[in-house]
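S.K.: A structural model of the following input is requested.
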Amino acid sequence: MITSLEEMRRKLDVALWAYVIMPEHVHVLLYPRQADYEMRLILVALKRPVADAAKRHLEQTGNTAWLNRLRVQYPPREVFRF
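M.R.: The predicted model follows:
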């Protein structure tokens, strides 16, 4: 999570003012330095690496119960929701 915060901050030129990592979620206080920004890109840059790492860990440890709980079926595709 810390690595994702740092990469997002550098890549998207965002001031990271504060964060708190809780057991099942994160609080982030940030300020985009550019006048033209998209919040969805900031969220993707922060959340995608963490979700990918979680999925890899669950697959490597064979934790199919959690993998199944975090899969959502949207016709015509299946999505991993972390």
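S.K.: who are the contact partners of Phe80?
M.R.: With contact set as Cβ atoms under 8 Å, 6 or more residues apart in numbering, Phe80 has these partners: 51, 55, 67, 70-72. Every residue, glycine included, has its C-beta placed from N, CA and C.
S.K.: what lies in contact with the longest helix seen in the chain?
M.R.: Scanning the chain for the helix with the most residues, using DSSP state H, yields helix 39-60. Residues outside helix 39-60 that contact it (Cβ under 8 Å, 6+ apart) are 1, 3-5, 7-8, 11-12, 14, 28, 30, 32, 63, 66-67, 70, 80, 82.
S.K.: equivalent analysis for stretch 9-16, please.
M.R.: So stretch 9-16 is contacted by 5, 8, 28-34, 37, 41-42, 45 (Cβ under 8 Å, 6+ apart).
S.K.: related to what we said a few turns ago, C-terminal to the longest helix of the chain, what's the next element?
M.R.: helix 64-69 (DSSP states H and E).
S.K.: tell me what that following helix is packed against?
M.R.: On a contact count with 3 or more Cβ pairs under 8 Å, 6 or more residues apart in numbering; DSSP states H and E, helix 64-69 meets helix 39-60.
S.K.: quick revisit: in the longest helix of the chain, which of the residues would be classed as buried?
M.R.: Using 16 or more other Cβ atoms under 10 Å as the test for burial, helix 39-60 gives 42, 45-46, 49, 55, 58.
S.K.: go on, stretch 62-80?
M.R.: Those would be Leu70, for stretch 62-80 by 16+ other Cβ under 10 Å.
S.K.: quick one: end-to-end length of that stretch, please.
M.R.: Counting by Cα to Cα, to the nearest Å, you get 16 Å between the two ends of stretch 62-80.
S.K.: again with stretch 72-82
M.R.: Termini of stretch 72-82 sit 10 Å apart (Cα to Cα).
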